[in-house]
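Visitor: structure of the sequence below:
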Amino acid sequence: MIIVPVKDGENIERALKKFKRKFEKTGVVKELRARQQYNKPSVIKRLKMQHAIYVQKLRTAEE
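Guide: As a prediction, the model looks like this:
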């Protein structure tokens, strides 16, 4: 359960922003979207490899 302590006089929008940030860090929405369809392990592995190559190209281009 996510608990966001709210101080006296604190703006409700600020508390909602804290809650949203904590909720995003838990990864619940990301996991739900991933579970909506089945991906074969080979497809997941290939996507991770492509992402790693992309990130490596970005880092080498930066240097």
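
Visitor: what about Gln56, which SS state?
Guide: The local conformation at Gln56, judged by DSSP: H, G, I helix; E, B strand; the rest coil, is helix.

Visitor: what's around it, how many residues?
Guide: By other Cβ atoms under 10 Å, 10 other residues sit near Gln56. Glycine gets a C-beta too; all of them are placed from N, C-alpha and C.

Visitor: that one and Ile44, how far apart?
Guide: The gap separating Gln56 from Ile44 is 19 Å, by Cβ to Cβ, to the nearest Å.

Visitor: what do you get for Val28?
Guide: Distance of Val28 to Ile44, computed by Cβ to Cβ: 19 Å.

Visitor: also Phe19?
Guide: Applying Cβ to Cβ, the value for Phe19 to Ile44 is 31 Å.

Visitor: neighbour count winner among the two?
Guide: Taking other Cβ under 10 Å, Phe19 and Ile44 do not tie; Phe19 has more neighbours (14 against 11).

Visitor: which strand or helix spans that one?
Guide: Using DSSP states H and E, the element containing Phe19 is helix 12-26.

Visitor: following the chain past that helix, name the next helix or strand.
Guide: For helix 12-26, the following helix or strand on the C-terminal side (DSSP H and E) is helix 28-35.

Visitor: and that next one, how far out from the chain's middle?
Guide: Centroid separation between helix 28-35 and its chain, computed with Cα atoms, centre = their mean, to the nearest Å, is 10 Å.

Visitor: and the contacts of that helix?
Guide: For helix 28-35, the external contacting residues (Cβ atoms under 8 Å, 6 or more residues apart in numbering) are Phe23.
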